[in-house]
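1. Pasted the sequence and its predicted model underneath.
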Amino acid sequence: MKKNIFKLLALATIFTISLQSCTVEIMEDTDIPTTEGGGSTSGNVMSGSGTLTGTITKDLTIKKGTYYIDGLVRITDGVKLTIEPGATFYAKTTTTSGLIILKGAKAYIEGTATEPIVFTTESKKPGDWCGITIYGDAPIKANGGGSTATSEDGLNQIYGGTDVGSNSGVYRYLRVEYGGKKIGDGTSEFNNITFYAVGSGTIVENIVSYKGTDDGIEFFGGTVSAKNFISYGNFDDAFDWQDGWYGQDNSNWFAYQTGTGNFGMEIESSNNADANFPKVAGVTLIRAAGTNPEVAGSSEISAIQFKKHGNGKFTNVYIDGYKNTGGKQAYPVLIQDSPTDISQVIANKVLVSPINVLNSDNAGVWGYAGFTSTAPKTITNTSTVTKVAITGGAWSTVEGVDLTSLLK
């Protein structure tokens, strides 16, 4: 149902937008026709409904409405994707679906507190889809000190560069649900939200990562920071990073682990002793009673773990509910290896203070896995440290529950 005539290009890149009963093929250097049916596309705009699929090579604006993601949708270098408040996306689960923001692309996914942008699935099962992945060219320190690396998600993307302030767009009042899909041979998997070498020019605020089967959020190097971040019910770690990520302007991080969950925070620097350290002001980690690690008998049950020269400075840290499980010891802070202790903790590149630890085992000490620290740390609770304060609303409400109510 085409109302305009396409100018066909022999080597044009095609992506398809399926709008209810209509399918429109969009060619490079071609006007996008208005289509009949429930939604429409006009002048690189989707309005009301439709399906994203394939590779997007021209700027695209998506209005408020209900849409589907079918397969891995890639936004290419130089392209701007704009999603307006109130848009909801359902990822198809009959294929490997996900939203991929490639290096050089920008996504402006800006909801509001009352009209968030939501990515979910109809079946609402953890691991249904791949979530959102963003690649950038900010600095990293990969294993061996490398300034670039290949993504571990099976897509073999090269990430990393020299642009500290690089800008991959704006991600605000956004909720991502049921990601973490395994792909290929099952050894590669996505997180709900993944930042590969994303720069500090990128804005990340008021985000919910809900019930994914891998990490709630993971940073692979880069300098981007996040404010008002909620990680709920993710199967692996609530927050995770490596490759020398050093965001400096992070605040109000809240993790609620329930059912299945490993570490509250897993922190490493890919064996680089000289990696810069990130900073987070205001961290609340809560583990509900009966929460177990992914693998029965695993020791991945502590609140904050440092390994492979992981470091960072975390202030106003509130920890609640980290109990010994399956015969393994849980700690508020766990150091996994002696090199990390010597080059990071004792060298004052790790700070977790002030801290308030409640309803947790081993609450008064740091844990050391398989070695004896030459300068073991103890914990003195500071009762003035309380849970972070995040203003909730429609953006933080899932299945009728405002997740910020868990902070009351």
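-> On my side now, so go ahead.

2. C-alpha coordinates for stretch 112-121, CSV please?
-> The C-alpha trace of stretch 112-121 is given here as CSV (Å, rounded to 0.1, in the frame of the first residue of the first chain):
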residue,chain,number,x,y,z
THR,A,112,9.2,11.2,31.4
ALA,A,113,8.3,10.2,34.9
THR,A,114,4.7,9.9,33.9
GLU,A,115,5.3,8.6,30.3
PRO,A,116,8.4,6.3,30.4
ILE,A,117,9.7,4.4,27.5
VAL,A,118,9.4,0.7,28.1
PHE,A,119,11.1,-2.3,26.5
THR,A,120,9.5,-5.6,27.5
THR,A,121,8.0,-8.8,26.1
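
3. Measure how far it is from the centre of its chain, please.
-> 15 Å (CA atoms, centre = their mean, to the nearest Å).

4. Which positions in that stretch come out as buried?
-> Judged by neighbour count using 16 or more other CB atoms under 10 Å, the buried positions of stretch 112-121 are 112, 115-121. In this view, the C-beta of every residue, glycine as well, is placed from N, C-alpha and C.

5. Next: stretch 54-73.
-> 54-58, 60-63, 65, 67-73.

6. quick revisit: just the ones of the buried residues of stretch 112-121 in strands?
-> With strands defined by DSSP state E, the entries of the buried residues of stretch 112-121 inside them are 117-120.

7. Widest-spaced pair of the residues you listed?
-> Maximum pairwise distance among these (CB to CB): 10.7 Å, between 117 and 120.

8. Low-confidence stretches in the stretch 1-150 of the chain?
-> 1-43 (pLDDT under 70).

9. in it, which spans are strands?
-> Here the stretch 1-150 of the chain has its strands, by DSSP state E, counting those that start in this stretch, at 15-19, 22-26, 40-41, 45-56, 60-69, 72-75, 80-83, 87-91, 98-101, 106-110, 117-120, 132-135, 149-150.

10. Adding distance to residue 406, write those out as a markdown table.
-> Supplementary listing: those in a markdown table, determined by distance: least, CB to CB, whole Å:
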| stretch | distance to residue 406 |
| --- | --- |
| strand 15-19 | 38 |
| strand 22-26 | 43 |
| strand 40-41 | 40 |
| strand 45-56 | 33 |
| strand 60-69 | 28 |
| strand 72-75 | 32 |
| strand 80-83 | 27 |
| strand 87-91 | 23 |
| strand 98-101 | 27 |
| strand 106-110 | 25 |
| strand 117-120 | 19 |
| strand 132-135 | 23 |
| strand 149-150 | 36 |
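
11. Could you work out which of those reaches nearest to residue 226?
-> Comparing those by CB to CB, strand 132-135 comes nearest, at 12.0 Å.

12. Which elements pack onto that closest one?
-> In this structure, strand 132-135 packs against strand 98-101, strand 193-196, with contacts taken as 3 or more CB pairs under 8 Å, 6 or more residues apart in numbering; DSSP states H and E.

13. and among those, the most buried is which?
-> strand 193-196 (a mean of 28; mean count of other CB atoms under 10 Å).

14. hmm, who's touching that one?
-> Contacts of strand 193-196 with the rest of the structure, by CB atoms under 8 Å, 6 or more residues apart in numbering, involve 131-136, 151, 153, 157, 159-160, 176, 179, 204, 207, 209, 216-222, 224, 245.

15. Swap in 7 Å and give it another go.
-> Contact with strand 193-196 is made by 131-136, 151, 157, 159, 176, 207, 209, 217-220, 222, 224, as judged by CB atoms under 7 Å, 6 or more residues apart in numbering.

16. go on, stretch 152-162?
-> When contacts are defined by CB under 7 Å, 6+ apart, stretch 152-162 is touched by residues 103, 133, 135-140, 142, 147-151, 183-184, 188, 190, 196-197, 220-221.

17. Mind giving me the ChimeraX select for these, buried ones only?
-> To isolate the buried subset of those in ChimeraX, counting by 16+ other CB under 10 Å, use the following:
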select :103,133,135,136,137,138,139,140,142,149,151,183,190,196,197,220,221
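
18. bridging residues for the nearest residue in space to residue 363 that is not next to it in sequence?
-> Excluding the flanking residues, the one nearest residue 363 by CB to CB, 6 or more residues apart in numbering is residue 357, at 4.3 Å. Legend: beta-bridge partners of residue 357 under DSSP bridges are residue 319.

19. Would you check that residue 357 makes contact with residue 318?
-> No: using CB atoms under 7 Å as the test, residue 357 is too far from residue 318 to be in contact (8.3 Å).
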